[in-house]
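*Asks:* attaching a predicted model along with its sequence, questions to come.
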Amino acid sequence: MVRNRLHEGGMRARRPQVGVVLTAQHRAGRLAFAREHQDWQIRHWRPVLFTDESRFTRSTCHGVGWHFFGGGRTALHVLARSSLTAIRYRDEILRPLVRPYAGADGPGFLLMQDNARPHVAGVCQQFLQEEGIDAMDWPARSPDLNPIEYIWDIMSRSIHQRHDAPQTVQELADALVQVWEEIPQETIRHLIRSMPRHCREVIEARGSHTHYGDSF
């Protein structure tokens, strides 16, 4: 398993728990989203900027964490040593990364972000509204619907397979940024093309979680 490999190398990646308890409301929201998007093709998903975060640590670095936000082909942004607040999310993610991407993408752009508290805070919602950036109505507790979750696995495996394993937190950050930039565009397109099938799997599961690592 990827998790075991990372632990053996002194490295850990925090992943969302797919087995987290879902309420009836969560399942209903996931089911509604899947039904609405099950027939979307890649041309429908193309204007969507998927975003996500993952926390990587090295056991030798006393648990210092780095959060990596990525989506589409924006730069992989690193947040070190402190928690993400709504202000930081606006000033370090939305303003310098999402806004230029949205402007370049043009009409129809959609931001995909999960329902983490900083993301849905009033200050961030106000910023998106002022900038004319539309965000998808994303169902809560749905990491299995986000293709970037699979990217984290790809990156973790790539880092572990390196002969020059990162020895410090900064080296780990630099290595992950490099791996991110080297991911083939075809890999991203494949993940996007998998979205309709994955939506159908959520429908078959009646809104329950699916195994995204096997499905994408």
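*Replies:* Here it is on my side, so go on. Residues are numbered from 1 along each chain as shown.
*Asks:* got the residue ranges for the strands in this protein?
*Replies:* Per DSSP state E, the chain carries strands over the ranges 11-14, 48-50, 52-58, 66-70, 77-80, 110-112, 134-135.
*Asks:* count of neighbours near residue 146?
*Replies:* By the other C-beta atoms under 10 Å criterion, the neighbourhood of residue 146 contains 24 residues. For the C-beta atoms, the positions are set from N, CA and C on the backbone; glycine is no exception.
*Asks:* just give me the residue closest to the centre of this protein.
*Replies:* Computing the C-alpha centroid of the chain and ranking residues by C-alpha atoms, centre = their mean puts residue 52 first, at 2.3 Å.
*Asks:* give me the beta-bridge partners of that residue?
*Replies:* Following DSSP bridges, residue 52 is listed with bridge partners residue 70.
*Asks:* can you list the low-confidence ranges for the protein?
*Replies:* Scanning the chain for pLDDT under 70 picks out the ranges 1-19, 57-73, 81, 212-216.
*Asks:* all helices of it, in order?
*Replies:* Taking DSSP state H as the test, the helices found in the chain are 2-8, 24-37, 42-45, 86-88, 99-105, 117-120, 122-131, 148-160, 169-182, 185-193, 195-204, 212-215.
*Asks:* tell me who's in contact with the closest residue in space to residue 202 that isn't next to it in sequence.
*Replies:* Setting aside the residues directly before and after it, residue 202 is nearest to residue 34 in space (C-beta to C-beta, 6 or more residues apart in numbering), at 3.9 Å. Remark: with contacts taken as C-beta atoms under 8 Å, 6 or more residues apart in numbering, residue 34 is in contact with 145, 199, 200, 202, 203, 207.
*Asks:* now residue 34: how far from residue 153?
*Replies:* Look at residue 34 and residue 153: by C-beta to C-beta, to the nearest Å, they are 22 Å apart.
*Asks:* just the buried members of the contacts of residue 34?
*Replies:* Taking 16 or more other C-beta atoms under 10 Å as the criterion, what is buried in those is 145, 199, 202, 203, 207.
*Asks:* for residue 109, state which of those residues is nearest.
*Replies:* For residue 109, the closest of the buried ones among the contacts of residue 34 turns out to be residue 145, at 19.2 Å, with distances computed as C-beta to C-beta.
*Asks:* most remote residue from the chain's center?
*Replies:* residue 163 (26.9 Å).
*Asks:* before we move on, the earlier item: tabulate the helices of the chain (a markdown table), appending distance to residue 79.
*Replies:* As requested, the helices of the chain are arranged in a markdown table below (distance: least, C-beta to C-beta, whole Å):
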| stretch | distance to residue 79 |
| --- | --- |
| helix 2-8 | 20 |
| helix 24-37 | 27 |
| helix 42-45 | 27 |
| helix 86-88 | 7 |
| helix 99-105 | 18 |
| helix 117-120 | 11 |
| helix 122-131 | 15 |
| helix 148-160 | 15 |
| helix 169-182 | 10 |
| helix 185-193 | 22 |
| helix 195-204 | 27 |
| helix 212-215 | 24 |
